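Peer 1: got a predicted structure here, sequence first:
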There are 6 protein chains.
Amino acid sequence: MQPIEYADATAEVRAIFDDIKNSRNVPDVNNFWKYLANEPRMLSHVWSSIKDIMGPGGHLDPLVKELIYVAVSVTNSCEYCMASHGAAARKKGATEEMMNELFAIVGIANMTNKLAEAYRVPVDAGLRVPE
Amino acid sequence: MQPIEYADATAEVRAIFDDIKNSRNVPDVNNFWKYLANEPRMLSHVWSSIKDIMGPGGHLDPLVKELIYVAVSVTNSCEYCMASHGAAARKKGATEEMMNELFAIVGIANMTNKLAEAYRVPVDAGLRVPE
Amino acid sequence: MQPIEYADATAEVRAIFDDIKNSRNVPDVNNFWKYLANEPRMLSHVWSSIKDIMGPGGHLDPLVKELIYVAVSVTNSCEYCMASHGAAARKKGATEEMMNELFAIVGIANMTNKLAEAYRVPVDAGLRVPE
Amino acid sequence: MQPIEYADATAEVRAIFDDIKNSRNVPDVNNFWKYLANEPRMLSHVWSSIKDIMGPGGHLDPLVKELIYVAVSVTNSCEYCMASHGAAARKKGATEEMMNELFAIVGIANMTNKLAEAYRVPVDAGLRVPE
Amino acid sequence: MQPIEYADATAEVRAIFDDIKNSRNVPDVNNFWKYLANEPRMLSHVWSSIKDIMGPGGHLDPLVKELIYVAVSVTNSCEYCMASHGAAARKKGATEEMMNELFAIVGIANMTNKLAEAYRVPVDAGLRVPE
Amino acid sequence: MQPIEYADATAEVRAIFDDIKNSRNVPDVNNFWKYLANEPRMLSHVWSSIKDIMGPGGHLDPLVKELIYVAVSVTNSCEYCMASHGAAARKKGATEEMMNELFAIVGIANMTNKLAEAYRVPVDAGLRVPE
C-alpha cells in the first residue's frame, strides 16, 4: 500500500485531512493518516473516535490520555505508535522524567501481570466489591 | 502453589508484608503478595520496585500511575491485575467517567496499533527529531 | 543463524524444498524455509501442516485461509509474516479493497477484544448454547 | 461496572440499542453493548464502525469477516469475543468443519509467526514488490 | 465443540490416542487431545511435532523443554497450558523452588522486553557477531 | 532518549555500571543499560533483580535460565532481547542445535496455546491436583 497525499486524495479524504490539520494546527497529517486513507471508511471512524476521546474535554487530562496511549503502544511493541504518541505526549508537556517514569511503570506492570498469571492468583474478595 | 499467610511466613517475608501493610495502611496484603511470597527474592524485588515507582513522589500523579497500570493490564488481559489496579485507581480518586474514558483510550490505541502495523507505516521524519 | 541454500542442503532438506517448489510452482523457496532448515525436524512438521491445511481441499477457500493467516500475523505484528502472507493473499486474488477491509476488521476486533476484557463482560447465556 | 439495560438507558443509548436490534433482527443486544453503554461515546463509535465494516456490502463475504474476527479473538485469547463471534460465524453459515479448519490455521500461523521472529528472517526481495 | 472420547473416536483418532497413551504411559489422554480430535489433521500434526521435539532425545533435557513450554504459556496467559505443562514439568522433576525461579525469570523477562522496546534500544554491534 | 555513557554518568549510575561490568567480566555495559540509565531507579531495580535471579546459584542452571529468557523474548517478538539473550545463551554454552530446538519448542507452544484457547479446553481434574 502506498500513502495517499492530499493532492491525490478524494474530496471525502481531503475533508478529513483538513479536519485533522485544523484540529491539531499542523501543516500536514502524519503518515498514519495517509496510509489509512486507503480505507476511507476506517479513516473516518478512527479519526472521529480519536477526535472525540483524545481531545480536550472529557474526564482525563489530554497529557494523561497520551501517556496512556504510549503505555498501550509500548506493551504492544508498536514502534510507529510509540514514536507518534511519544512525540504527542512531549508536545503536551511530558518531560523526560515523566516519560522515564511511564516506561518504568509499563515495565513493572508487564512483570506483575505475568507473575499474577503464573501463580493463577485468585481475585481477593475485597477487590470484587466496587465493581 | 498455595498462598503464604502471615502466620506461616518467615521473618523475611513478614517484614515485607509489614512494610506493604504500613505503606498502604491496610490490615492485610492482597493475594498477589501471598502467592509471590513463595519466591521471597521476587517478593522483595517487586515490592521495592512498586514502592519506589508507584508511590507518591516522582513525576506523575499517583492516580495517573494507576491508570497507566490498568491500561497495561487491560492490554494484557490480566484479570487479577485489572481488578486490583482498578480498585486502587478508584481508591485514589478515579471516577466511573474516568475509568470509562480510560477503557475507550485503551480500545482505540489497540485498534490503531494494529492498523499502523498492518500498513507498515514508516515513522515520519518529524517524529524522529525529539528523541 | 544463516539461511541454508539448496546447494548446501542435505538430501532430507532438499526433498522438502523440492516439494515446496513443486506444490507452489516457484523456482526457489522463501527465506522462511531456508532459515527453518536449520532445524530439519521443524522444517518437515511445519511444511506438512501447511501443505495439509493451507492448500486446496478442506473446508475454506484458499484465499480465505490466507486472509485469516494475515489477520493473525497483523495481530502478532510479525512483519515477515505480513509480507509473505500478504503477497500470497494477493496472488490468490485478494484485491486492495479486500486487504483494506481485512485491516479494518483486524483493527476493530483488537479494539473490541480489549473493551470486552476491560469491562469483564460475562458471556451471554444464549451464546453458550451452540458449543 | 454494571451493564445498562434498555429500561435504564438514556434516549441516546436506546437509539443505538434499537439500531443494533433492528440491524441484526434480535430481541435484545448482547452483554457487550450493555457494558459499553457506560461510555456512550464509544458505544456510538464502536457500533458505527462495526455496522459499516462487518455488515453486508463491502468487499469480503460476511461469513469471511466473522472468521477473521474469530481468528483475531483467538490470537488475543478473548473468551467473550470467541464466544460471541464464534456464534455469529455459525449463524452466518460456518460449519464445524470450517471452524476446526479456522482454528488449525490460527494455531499454525501463531507457530510460524514466532519461528519467523526467532530466526529474524529477512523479508525476501520478491515479497517487497507488490506493496 | 465437544471433546471426543475414545469410545466415540474414529480408528484414525484412536490410533493417535493409543500412541499418546503408550508414549506417556497414561490411562487416558488429556482434554486437549480430545478437543483437538475434532480436527483429526491437526491432532496428527500437533502430536507428531510434540512427540518428535518434546520427548527424550534431541539436544535439551526433557525437563528443560517443559520449563520452556511453561514460560511461553505464562507469557501468553494460557491457563490450560500452564496447568498441563506445569504438571508435566513437576512430573519430570521440577521442584517448587525451580517453578518459582522460572516464574521470576518470566516476570523479569517480560519487564525488560518492554523496557527495551520503550527505549527503542539499538542492538549492540557486538551482539550481531555470532549470528 | 539518548544512551548514557559511563563518562557522562552520575556516581550512582557509574556504580551500577561498574557492578555489571565486574559481575559479567565485560569492558562495557550493553546498550540496554545505557538507555535504562535515563531512569536510575529502574536501572537499580532491574539490575538487582537480574543479578539475583539470573546469576549462578539458585535452582536452575544459568544456561537454562537464559534459554527461558530467550523463549519469552521470542514470544514477545522483542528483537533486542532475542539478540542479547541469544548471545548470552551461546556464551553460556548453548549450541546451534540447542537454539534450534528451543525455537521449535517456542513455535509449538505458541501453536498449542492458541488451540487450547480456541477450543476453550477445560482443565483436566487430574491437572488440578498438585497445585
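Peer 2: Noted; the coordinates are in hand.

Peer 1: how about residue A:87, nearest residue that isn't a chain neighbour?
Peer 2: Nearest residue to residue A:87 in three dimensions, chain neighbours excluded: residue B:127, at 4.9 Å (C-beta to C-beta, 6 or more residues apart in numbering or on different chains). To be clear about C-beta, it is placed using only N, CA and C from the backbone, and glycine gets the same treatment.

Peer 1: what about the one you found, distance to residue E:12?
Peer 2: 55 Å (C-beta to C-beta, to the nearest Å).

Peer 1: which one's more surrounded, those two?
Peer 2: Set side by side, residue B:127 and residue E:12 show more neighbours around residue B:127, with 20 against 13, by other C-beta atoms under 10 Å in any protein chain shown.

Peer 1: one step back: wait, what's in contact with the residue nearest to residue A:87?
Peer 2: Residues near residue B:127 by C-beta atoms under 8 Å, 6 or more residues apart in numbering or on different chains: A:30, A:83, A:84, A:87.

Peer 1: any chance of TSV for those residues, columns secondary structure and distance to residue B:16?
Peer 2: Shown next, in TSV, are the contacts of residue B:127 (DSSP: H, G, I helix; E, B strand; the rest coil; distance: C-beta to C-beta, whole Å):
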residue	secondary structure	distance to residue B:16
A:30	coil	46
A:83	helix	39
A:84	helix	40
A:87	helix	40
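
Peer 1: out of these, which comes closest to chain D?
Peer 2: Nearest to chain D out of the contacts of residue B:127 is residue A:30 (C-beta to the nearest C-beta; 19.2 Å).

Peer 1: tell me the pLDDT at that closest one?
Peer 2: For residue A:30, the pLDDT comes out at 97.

Peer 1: chain A: helices as residue ranges?
Peer 2: A:11-24, A:31-36, A:40-54, A:62-75, A:79-91, A:96-118, A:125-128 (DSSP state H).

Peer 1: most centrally placed residue in chain A?
Peer 2: residue A:69 (3.8 Å; C-alpha atoms, centre = their mean).

Peer 1: just give me the neighbour total for the residue nearest to that one when sequence neighbours are not counted.
Peer 2: Using C-beta to C-beta, 6+ apart and skipping residues adjacent in sequence, the residue nearest residue A:69 is residue A:85, 4.4 Å away. Residues lying near residue A:85 (other C-beta under 10 Å) number 26.

Peer 1: surely residue A:85 touches residue A:73?
Peer 2: Yes: in this structure, residue A:85 is within contact of residue A:73 by C-beta atoms under 8 Å, at 5.7 Å.

Peer 1: mutual contacts of these two, please.
Peer 2: With contacts defined as C-beta under 8 Å, 6+ apart, the residues adjacent to both residue A:85 and residue A:73 are residue B:109.

Peer 1: how near is the closest residue to chain C within chain A to chain F?
Peer 2: Residue nearest to chain C within chain A: residue A:39 (3.8 Å; C-beta to the nearest C-beta). Note on residue A:39: its distance to chain F, by C-beta to the nearest C-beta, to the nearest Å, is 25 Å.

Peer 1: just read off the phi/psi values of that residue.
Peer 2: phi -130, psi 80 (degrees, to the nearest 10).

Peer 1: repeat that for residue A:92.
Peer 2: Phi and psi for residue A:92, reported as degrees, to the nearest 10, are phi -90, psi 10.

Peer 1: contacting residues for it?
Peer 2: Listed by C-beta under 8 Å, 6+ apart, the contact set of residue A:92 reads A:62, A:63, A:66.

Peer 1: out of those, who's the most crowded?
Peer 2: Going by other C-beta under 10 Å, residue A:66 tops the contacts of residue A:92 with 24 neighbours.

Peer 1: do you know how far that one is from residue A:82?
Peer 2: According to C-beta to C-beta, residue A:66 and residue A:82 sit 12 Å apart.

Peer 1: kindly report the same for residue A:32.
Peer 2: Counting by C-beta to C-beta, the gap from residue A:32 to residue A:82 is 13 Å.
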